[in-house]
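>>> For reference, the sequence and a predicted model appear below.
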Amino acid sequence: MFSFFSNLLTNKKKDEETWKESLRILTNTVNSIRYGNLKSKIVNVHNDEFKNISESINRMIDTLNDREKMIVEYQTEQNRQNEFLEKIINCLAEGIIIVDEEQKILQISSKIGVWFGEKSKDILKKKLSDFMIIKEDFKNLSETEITIKNSPFVFVATSTELMSKDKKNYVLTIRNITNQVELEKIKEDFVATLTHDLKVPIIAESNMLDLLLSGNFGEVNESQTKVLSSMKKSNQELLDLVQTLLLSYKIENSEMYFDMQEFDLNELFNEILEEAAVSFKEKDKVVMLSKTKTKLYADRLQIKRVLKNLINNALVHGNSPKPVNIKYLKRNGVVKIYVTDFGKGIPAEDISKLFDKFFSTAKKFRKAGTGLGLYLSKQIVEAHGGKITVRSVENVETEFCIELPAKV
């Protein structure tokens, strides 16, 4: 009997030790997993009560190992793609800057570091204003000229909004356009030189044609007069083109001198319409809705150039049986001039480009056009402290409006 109880106590003690050892192994393994060690597994657990738990923990370890392997592979691929994308960005001719709403710089391409003259780590977290001068809202840039401090180059920037959760970031694409600007300057200088040199022989030819037509070198018959008149017209068109190119260059380079004087706008319009009547034969092609004397202080020759261009465009491109209407009024020290035609109108997509250099809608109507007339008109009007606008409805009407200060 004593032997029986002795064995029973011994077995119970062994079971307790086995239970404790199993619990220790489980506890150590779980703590190991807790701190990120997924290499250990539960082995040599002899207690039946813990076998199911041990198997579940081991399966969990296997699952976590598989997940960790997938995460590592994903991170490796993500890093590879990020490095690949960074290499592409760094190879671009443009510089890339990512900023937050407070203009704090979050990320840059290597090109930006070169232009800013600092290491990337010294640029991050600083503000755009520490390195750049942007005269407009940095969130709405579109090929907008900017200045990078201490840089001799010319830059333009475009910004794009990025949404990330509840935060707004912005990508700024910076382009160095110094070479394009210098090339454009060379081209303009060449054109200016060429047009200046062409002007002299064209004027000489015009004077010679006048002498021939006046009969200074002998009598001219009807056929000869017709040919000489045609040559005179072509010569005048060529001279107008050369003068337009030359004037455009002078205005762009602030070399234009305006002969400011006071004159009557009604007298100027009468002069323009008399010249237009010769070209378009019919006097009723243009109707003056305003005939009162109105004084304007401006460069008479240049304002005449602008008005002639608008009227000519209305007559040629409007191509309507209805006459072109002209009216003007003076109010609160501002003279407003309206030139309206009732022809084909201007497509909505062309309105914003209408005053751009070398843009012309003439080709749509199979007519010749340099694309400088309206551009030059805008430059002249703005140089007088005024503005020129256009409103058009296709196949209904087109109205140009010039606003000029009555006296500067």
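Structure received.

>>> Tell me how far residue 374 lies from residue 197.
26 Å (Cβ to Cβ, to the nearest Å). The way it works is simple: take the backbone N, C-alpha and C, and place the C-beta from them, glycine included.

>>> got it, and residue 20?
108 Å.

>>> just the strands in the protein please.
Secondary structure of the chain (DSSP state E): strands at 95-100, 105-108, 132-133, 144-148, 155-164, 167-176, 260-264, 286-288, 295-299, 324-331, 334-341, 387-393, 397-405.

>>> Which strands or helices does the third one pack on?
With contacts defined as 3 or more Cβ pairs under 8 Å, 6 or more residues apart in numbering; DSSP states H and E, the packing partners of strand 132-133 are strand 144-148.

>>> Pull out the buried positions in the strand it packs on.
Judged by neighbour count (16 or more other Cβ atoms under 10 Å), strand 144-148 contains these buried residues: 144, 146, 148.

>>> isn't the second one right up against residue 128?
No - here residue 146 does not reach residue 128: they are 9.4 Å apart, not a contact under Cβ atoms under 8 Å.

>>> Spit out the residues that contact these two alike.
residue 134 (Cβ atoms under 8 Å, 6 or more residues apart in numbering).

>>> hang on, the earlier thing: of the strands of the chain, which approaches residue 192 most closely?
Closest of the strands of the chain to residue 192 is strand 295-299, at 20.0 Å (criterion: Cβ to Cβ).

>>> partners of the closest one, with directions?
Note on strand 295-299: by DSSP bridges, its sheet partners are strand 260-264 (antiparallel).

>>> hang on, residue 271 packs against residue 307?
No - if you go by Cβ under 8 Å, residue 271 and residue 307 don't touch, sitting 9.9 Å apart.

>>> more neighbours, those two?
Set residue 271 next to residue 307 and count neighbours by other Cβ atoms under 10 Å: residue 307 wins out with 23 against 14.

>>> List the residues that contact the more buried one.
268, 269, 272, 337, 339, 402.

>>> Serialize the residues you listed to CSV and add fields for neighbour count, distance to residue 154 and pLDDT.
Formatted as CSV, the contacts of residue 307 follow (neighbours: other Cβ atoms under 10 Å; distance: Cβ to Cβ, whole Å; pLDDT from 0 to 100):
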residue, neighbour count, distance to residue 154, pLDDT
268, 18, 40, 91
269, 21, 43, 90
272, 19, 40, 87
337, 25, 36, 94
339, 24, 37, 94
402, 23, 32, 95
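
>>> can you list the weak-confidence ranges in the stretch 1-150 of the chain?
1-19, 21-22, 25, 34-35, 38, 41-51, 84-93 (pLDDT under 70).

>>> same thing but at 80, please
Low-confidence segments of the stretch 1-150 of the chain (pLDDT under 80): 1-59, 61, 79-93.

>>> Same check on the stretch 151-300 of the chain?
For the stretch 151-300 of the chain (pLDDT under 80), the answer is 163-166, 184, 187-200, 217, 237, 240-241, 243-257, 275-284.

>>> where along it do the helices fall?
178-213, 222-252, 265-280, 300-318 (DSSP state H, counting those that start in this stretch).

>>> Can you tell me how far residue 238 is from residue 205?
9 Å.

>>> What residues sit buried inside stretch 286-302?
Quick answer for stretch 286-302 (16+ other Cβ under 10 Å): 286, 290, 294, 296, 297, 298, 299, 300, 302.
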